[in-house]
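[1] Attaching a predicted model along with its sequence, questions to come.
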Amino acid sequence: MTDRSSSPSAVSSAPDLTGMKIAHRGMLDDTRRFAEIVSRIAAGEPCGPRRRKAIVDYLRQLCVSIHHHHTIEDEVVWPILTASAGAAVDVHDLEDDHAQLDAVLATLDAHTAAFARAAADGTGAATDLAATLDQAHQLLSEHIADEEEVVFPIVDRYVSVADWDRVEKAARRGSNMRFEAPRVLRHADERELAKMKHEAGPLVRALLSLLARSFDKREAVIAGPSR
């Protein structure tokens, strides 16, 4: 177990947690804003077939994304924390949170499917879906706050850059980058965005620009005619 806290080079040798921070922002923003969008639909806001399909497609990908994030934490992050920090970290409560969140994600997936199948107005299915999105948002808010308070200082203090690179690589494997990359751009702050653009080559920047345009078009459909 190596403690970097007293080392003068601790800052430069600490893992970069930017990716996880952005992922957390994306989960919180998406569950919050879709709860609001679907609540408006439940209250009677028009939602034609194209808009409904865009909402359903996004929510299905969001459920997969959140589940993937938690799987990486369970299978990669927690073992690295335990090996690096030993008794200094206890992730049992965070593991319990994941079990609770998995159950909510299963309900969210079921209510998304019901919303997709619902009749033209779909108000009942929209009401159920909005309530589940709100529940997911509340649970994620509490879990992420606890995780960032407990895990981030431990990573900064004990985890090596090489071990954290394993986390980043595992997170990228199995991810749908057509879905994830535009969300990263959406939720990065100005400093983070400038750093990512600087590090990306011209081909990557061009690809990200194309994905962002497609993402923005879908966002306009999801927002609805009155937005």
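    Great, that's in hand. Numbering: from 1, shown residues only.
[2] Tell me the helix or strand right after the top helix by length along the chain.
    Using DSSP state H, we find that the single longest helix of the chain is helix 123-158. Using DSSP states H and E, the helix or strand that follows helix 123-158 towards the C-terminus is helix 161-172.
[3] Now that next one: buried residues?
    Asp163, Trp164, Val167, Glu168, Ala170, Ala171 (16 or more other C-beta atoms under 10 Å). C-beta coordinates here come from the backbone N, C-alpha and C atoms, glycine included.
[4] residues touching the second one, list them.
    Going by C-beta atoms under 8 Å, 6 or more residues apart in numbering, Trp164 touches Pro15, Asp16, Leu17, Ile80, Val155.
[5] Surely the first one and Val159 touch.
    Yes: applying C-beta atoms under 8 Å as the test, Pro15 and Val159 come out as touching, 5.6 Å apart.
[6] Which of those two has more residues huddled nearby?
    Per other C-beta atoms under 10 Å, whichever of Pro15 and Val159 has more neighbours is Val159, with 25 against 21.
[7] doesn't Pro79 make contact with that one?
    No: in this structure, Val159 is not within contact of Pro79 by C-beta under 8 Å, at 11.3 Å.
[8] Following element in sequence after the worst-scoring helix or strand of the chain on mean pLDDT, please.
    Ranked by mean pLDDT, DSSP states H and E, the weakest helix or strand in the chain is helix 10-13, scoring a mean of 57. Going down the chain from helix 10-13, the next helix or strand is helix 18-42, by DSSP H and E.
[9] Not counting that next one itself, show me its contacts.
    By C-beta under 8 Å, 6+ apart, helix 18-42 touches 47, 55, 58-59, 62, 65-66, 69, 115, 122-123, 126-127, 129-130, 133-134, 136-137, 140-141, 144, 147-148, 168, 171, 183-184, 186-188, 192, 195, 222-224.
[10] which of these count as buried?
    Judged by 16+ other C-beta under 10 Å, buried ones among the contacts of helix 18-42: 47, 55, 58-59, 62, 65-66, 69, 115, 122, 126-127, 129-130, 133-134, 136-137, 140, 144, 147, 168, 171, 183-184, 186-188, 192, 222, 224.
[11] For the longest helix of the chain, the averaged confidence score.
    For helix 123-158, mean pLDDT is 95.
[12] And it, what does it pack against?
    Helix 123-158 is packed against helix 18-42, helix 49-72, helix 78-85, helix 92-117, with contacts defined by 3 or more C-beta pairs under 8 Å, 6 or more residues apart in numbering; DSSP states H and E.
[13] Can you read off the pLDDT for the spatially closest residue to Val221 that is not a sequence neighbour?
    Of all residues not flanking Val221 in the chain, Ala54 sits nearest, at 4.4 Å (C-beta to C-beta, 6 or more residues apart in numbering). Note for Ala54: predicted pLDDT of 96.
[14] Ala54 and Arg183, how far apart?
    15 Å (C-beta to C-beta, to the nearest Å).
[15] just His98 next, same as before
    For His98 relative to Arg183 (C-beta to C-beta), the value is 21 Å.
[16] Asp216: which element?
    Secondary structure assignment for Asp216, by DSSP H and E: helix 202-223.
[17] Sorry, slip of the keys, the one I care about is Glu45.
    Counting by DSSP H and E, Glu45 is found in no helix or strand.
[18] can you pull the contacts of the residue nearest to it when sequence neighbours are not counted?
    Spatial nearest neighbour of Glu45, excluding adjacent residues (C-beta to C-beta, 6+ apart): Gly224 at 6.2 Å. Neighbour list for Gly224: Ile37, Arg40, Glu45, Pro46, Cys47, Arg51 [criterion: C-beta under 8 Å, 6+ apart].
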